[in-house]
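**Student:** structure for this input, please:
(chains A and B)
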Number of protein chains: 2
Amino acid sequence: MSRVFNFSAGPAVLPEPVLRQAADEMLDWHGSGMSVMEMSHRGKEFISIHAQTEATLRELMDIPADYKVLFMQGGAIGENAIVPMNLIGRTGRADYVLTGDWSKKSHKEAKTYGQVQVAATAESSKFTAIPKQAEWKLDPGAAYVHICSNETIGGVQFHWTPDTGSVPLVADMSSDILSRAIDVRKYGLIYAGAQKNMGPSGLTVVIVRQDLLGHALPITPTAFNYKLQAEADSMYNTPPTYAIYIAGLVFQHVKKMGGLKAVEEHNRAKAKLLYDLLDASSFYRNGIAREDRSLMNVPFWLKDETKNEAFLKGAEARGMLQLKGHRSVGGMRASIYNAMPIEGVQALVQYMKEFESQHG
Amino acid sequence: MSRVFNFSAGPAVLPEPVLRQAADEMLDWHGSGMSVMEMSHRGKEFISIHAQTEATLRELMDIPADYKVLFMQGGAIGENAIVPMNLIGRTGRADYVLTGDWSKKSHKEAKTYGQVQVAATAESSKFTAIPKQAEWKLDPGAAYVHICSNETIGGVQFHWTPDTGSVPLVADMSSDILSRAIDVRKYGLIYAGAQKNMGPSGLTVVIVRQDLLGHALPITPTAFNYKLQAEADSMYNTPPTYAIYIAGLVFQHVKKMGGLKAVEEHNRAKAKLLYDLLDASSFYRNGIAREDRSLMNVPFWLKDETKNEAFLKGAEARGMLQLKGHRSVGGMRASIYNAMPIEGVQALVQYMKEFESQHG
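**Tutor:** Numbering: from 1, shown residues only, chains lettered A, B, ... in the order given. This is a model prediction of the structure:
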């Protein structure tokens, strides 16, 4: 089979040139006689890969020098505990903004580690919109305010940066990191599982302002203590070396594409194709507030849900996979991360039009 | 450069046929049109890979049905906290046996989560021998007894299974899992980072007797809660999918080699070559009690340490890498895990003889 169009919400499609390079270098990285998988994390070869991966990410995201970049394990669900373990100790309190399933999960887990407040929730809109800043009730004594910048299940995304005053803003950017230019200085901490826009699952990137380190609760496992990992350049324990290498190749690929501004333009163009079709259709619906729509995950529903199976089958026959919506909401979902080519979205839109004309 | 002989203590050498297959399948796994890295962990393709990986490990290690196999993240250093978080709650107490740097580290971390006792320590021998069972002072009220079956830095290994009565035995087998046949029934829990005998770093395998689940401390992160992971087939969060796939290929390779008895024979033959040379030499020394010597990591010292640099340089020139000893003990260390071919050990022994005859 030739390569498919993979609309998975994550792990997700990766740039083909990255995969080709990884295949070419599998048995012998740069004349070292070793696969990257086989390298000691303390050997000069891997240390150079690690350093270049971090440097490229810093360049792409314009990460200031007073922020540490950590390459960790455990994913964003791990971070739901690791973030409060490391940060809540400063005041014992934290604010959470609820915009969908992922931020609700983060909030629930944090309760174990301190006094946690819901500063705002989109529940009244059934999580189809981001709560306006004016409605937020922030606790000035919170150690941080937590948001999820993009909700993969609901399909809402922040298109503005909250102002949390002197309280550090913490963002779960698992599903939209590197999809657009952001100002890292406006955040105290950013975390992201790699498996959407960065690489394979099993790697978690944490970008943290240095002055926030040093407040870990005593029950924090040393492997997940940001301060220890920052002091050890993410090598307090053996890092997920191969995943870091692939992420490094992805970062270089994003740089070659022109950096985050170019990537954002590309992502906007892809999302527009889908939303324009959904807005013009009475056969499909999306249902998310226009100003809060995700550029990464586009959930949509056939108004006649009895046609779901036929829709998915037809898509699969055309090499378009993983379009089934999350089991908690049903319908369809097209995840169109950075590495989804515009041709994939064009093919989907074309198919959706054909399906509508046959079944509408 | 052609492939080298990589004596790294981990991440470490992998079987070449595994790397070749991974390279071949990088862009299109079994006609799926996707790399394994790109697959949704909930899609049928990855679920089949996951199931086959677990089934092959169960077959190789003869894992009984009442044991769960978990594929997690965080490595053995993560497990130093995750094990007590999940197990110590039953009685609040645990016993640790200290045989070197890794078991000392496990013991130190566990103190955060309960009342922890040293049941035996090899300190009086400077960790050059495993403490005899008769010397162990076990607490019958302990929730578990923890050992490290092989110490990669000191080079000692358990060649017998401790009898801990009705108290479950917990073993960190990071550096010797799959190197020999063991009786899983004698253990309550086995954990191992993948990066020595199983695959890339970033994957942690946990084999746990089901009746030990359900005692997690309230502060246990859900991503690291064995019970939640067991109930979700290791998919409570996104598992490290690509590392699981590579481990699966390694397991199949071990099976083709004839299983763990054949692998053990191979490992014994490799280690014998090195220990025979060390025993016969007055130029090199090993210093570990004969009955406790590791088959995986062979530390040795040149009696004249001023020749260390020359030794390492000569080895590197012959394509033998990562022979420098751990910074805490100096000297040399040859890690000869499953995937180190006997030709690599033969080449090392030949070089050691030549070096001795030139410099002795």
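
**Student:** pLDDT score assigned to residue A:3?
**Tutor:** For residue A:3, the model assigns a pLDDT of 89.

**Student:** tell me, how many residues neighbour it?
**Tutor:** 18 (other Cβ atoms under 10 Å in any protein chain shown). Every residue, glycine included, has its C-beta placed from N, CA and C.

**Student:** strands of the stretch 1-150 of chain A, start to end?
**Tutor:** Listed in chain order, the strands of the stretch 1-150 of chain A (DSSP state E, counting those that start in this stretch) span A:5-6, A:67-72, A:93-98, A:115-121, A:145-148, A:150-151.

**Student:** next, count neighbours for the residue nearest to residue A:185 when sequence neighbours are not counted.
**Tutor:** Leaving aside its sequence neighbours, residue A:185 sits nearest to residue A:64 (Cβ to Cβ, 6 or more residues apart in numbering or on different chains; 6.1 Å). Using other Cβ under 10 Å, residue A:64 is surrounded by 13 other residues.

**Student:** ok, now residue A:10?
**Tutor:** 23.

**Student:** and the longest helix seen in chain A, what does it pack against?
**Tutor:** Taking DSSP state H as the criterion, chain A has its longest helix at helix A:260-280. Judged by 3 or more Cβ pairs under 8 Å, 6 or more residues apart in numbering or on different chains; DSSP states H and E, helix A:260-280 is in contact with strand A:284-285, strand A:297-302, helix A:342-359.

**Student:** what's the closest of the strands of the stretch 1-150 of chain A to chain B?
**Tutor:** strand A:5-6 (5.6 Å; Cβ to the nearest Cβ).

**Student:** that closest one - contacts with which helices or strands?
**Tutor:** Strand A:5-6 sits against strand A:320-321, helix A:342-359, with contacts defined as 3+ Cβ pairs under 8 Å, 6+ apart.

**Student:** in a markdown table: those, plus mean pLDDT and mean neighbour count.
**Tutor:** Formatted as a markdown table, those follow (pLDDT from 0 to 100; neighbours: other Cβ atoms under 10 Å in any protein chain shown):
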| stretch | mean pLDDT | mean neighbour count |
| --- | --- | --- |
| strand A:320-321 | 96 | 22 |
| helix A:342-359 | 97 | 16 |
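
**Student:** between these, which gets nearest to chain B?
**Tutor:** Shortest distance between chain B and those, using Cβ to the nearest Cβ, is found for strand A:320-321: 7.7 Å.

**Student:** per-residue confidence at the closest residue to residue A:240 other than its chain neighbours?
**Tutor:** Leaving out its chain neighbours, the residue that sits closest to residue A:240 by Cβ to Cβ, 6+ apart is residue B:202, at 2.8 Å. Looking at residue B:202, its pLDDT is 98.

**Student:** mind checking the SS state of residue B:202?
**Tutor:** coil (DSSP: H, G, I helix; E, B strand; the rest coil).

**Student:** and it, what does it touch?
**Tutor:** Taking Cβ atoms under 8 Å, 6 or more residues apart in numbering or on different chains, we find residue B:202 in contact with A:73, A:202-203, A:239-243, B:73, B:75, B:194-195, B:240, B:243.

**Student:** do you know how far residue A:24 is from chain B?
**Tutor:** According to Cβ to the nearest Cβ, to the nearest Å, residue A:24 and chain B sit 8 Å apart.

**Student:** contacting residues around that residue?
**Tutor:** So residue A:24 contacts residue B:23 (Cβ under 8 Å, 6+ apart).

**Student:** could you break chain A into its assigned domains?
**Tutor:** As given by automatic domain parsing, the domain ranges for chain A are A:17-257, A:259-359.

**Student:** go through these and name the closest to residue B:327.
**Tutor:** domain A:17-257 (8.9 Å; Cβ to Cβ).

**Student:** would you mind listing what in the stretch 101-250 of chain A touches chain B?
**Tutor:** Counting by Cβ under 8 Å from any Cβ of the partner chain, the stretch 101-250 of chain A comes close to chain B at A:109, A:112-113, A:193, A:195, A:199-203, A:218-219, A:221-224, A:236-243, A:246.

**Student:** not counting its neighbours along the chain, what's nearest the closest residue to chain B within the stretch 251-360 of chain A?
**Tutor:** Using Cβ to the nearest Cβ, the single residue of the stretch 251-360 of chain A nearest to chain B is residue A:322, 5.5 Å away. Taking Cβ to Cβ, 6+ apart, and ignoring the residues beside it in sequence, residue A:322 has residue A:8 as its nearest neighbour in space, at 3.9 Å.

**Student:** re earlier: and the residues of the stretch 101-250 of chain A next to chain B, which of them are buried?
**Tutor:** Buried by 16 or more other Cβ atoms under 10 Å in any protein chain shown: A:109, A:112-113, A:193, A:195, A:199-203, A:219, A:221-224, A:236-243, A:246, out of these.

**Student:** how far away is the nearest residue to residue A:29 once chain neighbours are set aside from residue A:242?
**Tutor:** Nearest non-adjacent residue to residue A:29, counting by Cβ to Cβ, 6+ apart: residue A:36, 5.1 Å away. Computed with Cβ to Cβ, to the nearest Å, the distance linking residue A:36 and residue A:242 is 6 Å.

**Student:** enumerate every residue touching the residue nearest to residue A:95 when sequence neighbours are not counted.
**Tutor:** Leaving out its chain neighbours, the residue that sits closest to residue A:95 by Cβ to Cβ, 6+ apart is residue A:119, at 3.9 Å. Residues near residue A:119 by Cβ under 8 Å, 6+ apart: A:95, A:96, A:97, A:136, A:137, A:138, A:139, A:142, A:145.

**Student:** same question for residue A:337.
**Tutor:** A:10, A:12, A:13, A:175, A:179, A:196, A:197, A:296.

**Student:** closest to chain B among those?
**Tutor:** The nearest member of the contacts of residue A:337 to chain B, counting by Cβ to the nearest Cβ, is residue A:13 at 5.3 Å.

**Student:** and the closest one, what does it touch?
**Tutor:** Residue A:13 makes contacts with A:5, A:6, A:337, A:339, A:340, A:344, B:34, B:38, as judged by Cβ under 8 Å, 6+ apart.

**Student:** can you lay out those as a markdown table showing distance to residue B:301?
**Tutor:** What follows is these, written out as a markdown table (distance: Cβ to Cβ, whole Å):
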| residue | distance to residue B:301 |
| --- | --- |
| A:5 | 58 |
| A:6 | 53 |
| A:337 | 52 |
| A:339 | 50 |
| A:340 | 56 |
| A:344 | 59 |
| B:34 | 50 |
| B:38 | 47 |
